[in-house]
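In: A predicted structure for the sequence below; I have some questions about it.
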Amino acid sequence: MVKRTALGLVAALALMLGASVAHAGGFQMVTDITGRTPSSIPGQVYGNFVPLHWDARCTPMVFRINNTQDPIPNPLGTAFLTLTDAKAAIQQAMDQWNQIPTSYIEFQRGADYANAGLRKFDMINEITFRTGAGFSGISSNVPTRLVETSVFSNGDDLDGDGDSDVSSSITTCTDIDSDGDLEWPAGTYDGGTILDMDIVINTKATNGYRLTTTSDVAQLTANINVRSTDLVKEMVFRIGIAMGLTVSTVPNVNNLNNANDASMYNFFDFDDPLYFLNLRTLEQDDIIAASTLYPEGSAASGPAALQAGDVAFSSVYGKIEGNVTHGDLNLPVLGGDVVGINHSSGDLVDAVYVGNARVSVNTTTLASTTLPAAEGVVDGKYSLVVPFGTYDLDLEAVDFFPQGVAAVGAVASLGGTYGLNAFPEEFWNSTLEAAKEVFPGDSTPVTVSAGTPLVSNVNFVTNKVAIVTNSGGPNMTDFDDVPGTCYAVDFPISQLAAARMGRDLPLTTGIIEGVSGDQSQVCVMQQVWLAFGTVSGTTASINLAFPLDTKTNFGIQQFERMPWFFARKNLSKKIFDAYRTGAQSHVFLVAKTPNSPSTPNFSNKSNRPAVDMRSDGFVPSGLSYLATDCVNFTESPTYFWEMDLHFSEIP
């Protein structure tokens, strides 16, 4: 194998939702030019996407904390956080990941690092509170990694500082010359291997953040500020990124009764201390991602070998694999998200991103160029890891929430470029999977067990739908209404008829976007209805006593356009028969918020549908109504509730 010395800096920018390079399997995906296969662009080669990862020879991963600021700067006032307390918070975050029994990942704190300057590529994994003048956001990971499979030989100087970084006398990463940086064992390393990982945390006076470590909710409440955050939860997230994980799409463990996010979801809700404190603790999605990338018991010796207290990955987890095809375009999907939902409890256990792609890479500058879809799209495969059990599989697009393509990373972003991540949410329903499904909400459960640890060919085909909507994007969501209020959107049946364009399409789904007052509260609608009604001026009368369909306790992921799959399958016939005879001319989608918060939360604000303030001129006047008594509906002159209807294409 030819030794390569080209190293690529990959900066994970500080975003509220996550890292800048990320993708499938809960992992950050980076380009690998191993083999240097020519692309269609002259002089360039294919960059295939591989997980960013640490080599087992450098486990445990040793981080050194910059000790040149004590106390840690507080941009909002007098500094109060000592370096000792900051170290304890960092160790608390490391321990969360170290305690996973099915993963061999391990983090340690090494000796302090007295670096009075900014972080740099120096074969030292640094955690620093010093950031450059142009740095924004809360924090960032800055990895240096291999862009192709490489052979390291004794004496190689990888960071160009004149000091050898490779030794043939060691088998694990060790500071053999006691100069503060790590030397690596001679040998072969895969593309995507991390050589240096720095974590920078912004405490600048201009745009930095006050860092807290207390668990006292009253104290946190008294000091709520948009520029204040919890150091423990921030470091749990950043250490996850440091091992090669990416942002999660699990904003609630259970949409009805458990608002805890995966720690790798990391939404920033500055005014909810309970939410920050909950993010200190890993959820199953986090644990599974770390265990999948670094599976315990996957080697006979070394860190991945079973030791006291370890649990073999293969004794706990199985895999569900398949392909996802875009039903409209008949192309593989990039930027989809398959979620495993426990069939009994309804818990969202694990989620995985869909699809593989490649780009063209300039071997001199390492700049990437997007290829035409026929060349750049590799496949729509996914591999979902779940504990042994029975699961319903939900497929949704990486479109905006729970995550957008920029947060997820390069492959999902390519899906957006190619138009492959725009499709409606659905469940897997076995042999009925097709581009035209009458029952997209029907689910065929999948079971993995010790006897059947791999279930293959669980393939999705996304649905073709006709969308009826009158709203744009949500642009105001944070105000409090009377609990128990009913929100209604009018869909004139003439509008529904126009959407069907003379086709006999089934009405299958209502879409309701919701928000809760706090991230520590689940967003549950006490009841939802599809019902006939009438309009008179600025008031509406809606027949909720005899609805076309209804459902109680409808859970919605925060900010998500959640599908309500109608239980009744003949809705189109009922609606259009009544319309043709002149008996009915309006159908309403209605959501009632709970009379009180469904679970304890910080502010005790009610849930509510997301709203479009009509500021972009997209929304027509009228059509949205509310009633605090769920009887006397009055038109809202300012807001439009984010609710849609979907017709499915028919076979």
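Out: It's in. Numbering: from 1, shown residues only.

In: pLDDT below threshold where in the protein?
Out: For the chain, applying pLDDT under 70 flags the ranges 1-25, 476-480, 597-601, 615-621.

In: got the residue ranges for the helices in it?
Out: For the chain, applying DSSP state H gives helices covering 83-98, 217-222, 231-243, 273-278, 284-293, 373-376, 405-408, 410-418, 493-500, 571-580.

In: These: which one's closest to Ile41?
Out: helix 373-376 (9.7 Å; Cβ to Cβ). The C-beta positions use only the backbone N, C-alpha and C, and glycine is treated the same way.

In: for the protein, longest strand please?
Out: Assignment by DSSP state E gives strand 523-536 as the longest strand of the chain.

In: Gly26 against Leu245, yeah?
Out: Yes: Gly26 is within contact range of Leu245, at 5.6 Å (criterion: Cβ atoms under 8 Å).

In: all strands of the stretch 101-250 of the chain, in order?
Out: Secondary structure of the stretch 101-250 of the chain (DSSP state E, counting those that start in this stretch): strands at 107-109, 125-128, 139-146, 150-152, 166-167, 184-185, 187-189, 194-201, 210-212, 228-230.

In: For the second one, which outside residues touch it?
Out: Read that as strand 125-128. For strand 125-128, the external contacting residues (Cβ atoms under 8 Å, 6 or more residues apart in numbering) are 61-66, 90, 113, 115, 118-119, 196-201, 242.

In: One more pass at 7 Å, please.
Out: Under the criterion Cβ atoms under 7 Å, 6 or more residues apart in numbering, residues 61-66, 90, 113, 115, 119, 196-200 lie in contact with strand 125-128.

In: what's the answer for the first one, then?
Out: Surrounding strand 107-109, the residues in contact under the criterion Cβ under 7 Å, 6+ apart are Pro60, Met61, Val62, Phe63, Ile65, Lys87, Ile90, Gln91, Met94, Trp97, Asn98, Ile239.

In: Export these to CSV and append columns for neighbour count and distance to Asn421.
Out: Shown next, in CSV, are these (neighbours: other Cβ atoms under 10 Å; distance: Cβ to Cβ, whole Å):
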residue, neighbour count, distance to Asn421
Pro60, 17, 37
Met61, 21, 33
Val62, 18, 38
Phe63, 21, 35
Ile65, 19, 39
Lys87, 15, 41
Ile90, 25, 36
Gln91, 16, 39
Met94, 21, 34
Trp97, 24, 30
Asn98, 15, 35
Ile239, 26, 29
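
In: Number of residues surrounding Val385?
Out: A count of nearby residues for Val385, using other Cβ atoms under 10 Å, gives 23.

In: Please apply the same query to Arg580.
Out: Around Arg580 there are 11 residues (other Cβ under 10 Å).

In: Ala531 versus that one, what's the distance?
Out: As judged by Cβ to Cβ, to the nearest Å, Arg580 and Ala531 stand 19 Å apart.

In: repeat for Thr37
Out: 59 Å.

In: got it, and Gly419?
Out: Applying Cβ to Cβ, one obtains 36 Å for the distance of Gly419 from Ala531.

In: which of these two has more neighbours?
Out: Comparing Gly419 with Ala531 by other Cβ under 10 Å, the one with more neighbours is Ala531, at 19 against 13.

In: Common neighbours of Gly26 and Leu245, please.
Out: Contacts common to Gly26 and Leu245, judged by Cβ under 7 Å, 6+ apart, are Ala289.

In: quick one, which of the helices of the chain is nearest to Ala540?
Out: Ala540 lies closest to helix 493-500 among the helices of the chain, at 14.1 Å (Cβ to Cβ).

In: now the angle from the closest one to helix 571-580?
Out: Counting by axes from the mean of the first three to the mean of the last three Cα atoms, to 10 degrees, helix 493-500 points 130 degrees away from the direction of helix 571-580.

In: Show residues contacting helix 493-500.
Out: When contacts are defined by Cβ under 7 Å, 6+ apart, helix 493-500 is touched by residues Ala466, Val468, Ile575, Tyr579, Gln584, Ser585, His586, Val587, Phe647.
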